[in-house]
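Asks: return a 3D structure for these sequence lines:
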Amino acid sequence: MSDSLVIKSNAASLLRRFDKLPKEIRTGVRKGLARALLLVEDRVRRKTDVTARRGAAGLMGRLTSHVRVGGPIAIDGVIGFRKRRGFPYELAQEYGAKAKPGGAMAIPVSPKARRMSERGIGPRDAFGDDLFVPKNTHVLAQKNNLSAFQSGKGAFTVHYVLVKSISPRLKFRETVTGSGDLISREVVKGAKQGSAAE
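Replies: Presented below is the predicted three-dimensional model:
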């Protein structure tokens, strides 16, 4: 996500004093926070209304988290989506999106269109003037050559689906901010495990 999301929890005071903690407890806290963020990732995947597809290349495949020591407080836990070129699709899923009046948004559906989209290349730059809207459809397609048609692949290949709007359905912020208690529990549990190992 492009903007910051701050989670407040009862673990905040522990994190502010992180540098002063014994090494074993710092290690436990770090492991507890990393474990908590993996659990939050799982919550985001389960609570969304977005259909997960395309494996690692899809939206849920780009969901990630990590914990690092340093920054304005001694330890940072980060959760979000790996960057990609072009329009940040997760923002459209989180907040919704509408096409300009009289226009439509092109959602890539073919492997080639998806590859182009991942590189930040839109329909016009990817296919030039080869795309057309078949009669009575809401798609952008490319005519197949005669040999492809004769082999049973059809008269055209659909590369994009045209939509007027995308409804908000990711629920990322809602799920992450609602996970403060889970994060606190895992951080405290990690601190206790580290203390026991001392």
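
Asks: could you look up the SS state of Thr157?
Replies: strand (DSSP: H, G, I helix; E, B strand; the rest coil).

Asks: contacting residues around Ser179?
Replies: Ile7, Ala36, Leu39, Val40, Arg43 (Cβ atoms under 8 Å, 6 or more residues apart in numbering). C-betas here are computed from N, CA, C, even on glycine.

Asks: which ones among those lie within strands?
Replies: Nothing among those maps onto strands, per DSSP state E.

Asks: which residues does the closest residue to Lys143 other than its chain neighbours contact?
Replies: Spatial nearest neighbour of Lys143, chain neighbours left out: Phe156 (5.2 Å); criterion: Cβ to Cβ, 6 or more residues apart in numbering. Contacts for Phe156 were tallied using Cβ under 8 Å, 6+ apart; they are Phe132, Pro134, Ala141, Gln142, Lys143, Asn144.

Asks: and the third one, how far from Gly103?
Replies: Counting by Cβ to Cβ, to the nearest Å, the gap between Ala141 and Gly103 amounts to 18 Å.

Asks: the more surrounded of these two?
Replies: Ala141 (20 against 10; other Cβ atoms under 10 Å).

Asks: point me to the helix or strand that includes the more buried one.
Replies: Using DSSP states H and E, Ala141 sits in strand 139-143.

Asks: got the CA coordinates for that strand in PDB?
Replies: Only the C-alpha atoms of strand 139-143 are listed here, as PDB (Å, rounded to 0.1, in the frame of the first residue of the first chain):
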ATOM      1  CA  VAL A 139     -13.600  -7.500 -23.900                       C
ATOM      2  CA  LEU A 140     -10.600  -6.400 -25.900                       C
ATOM      3  CA  ALA A 141      -9.500  -9.200 -28.300                       C
ATOM      4  CA  GLN A 142      -7.000  -9.800 -31.000                       C
ATOM      5  CA  LYS A 143      -7.900 -11.600 -34.300                       C
END
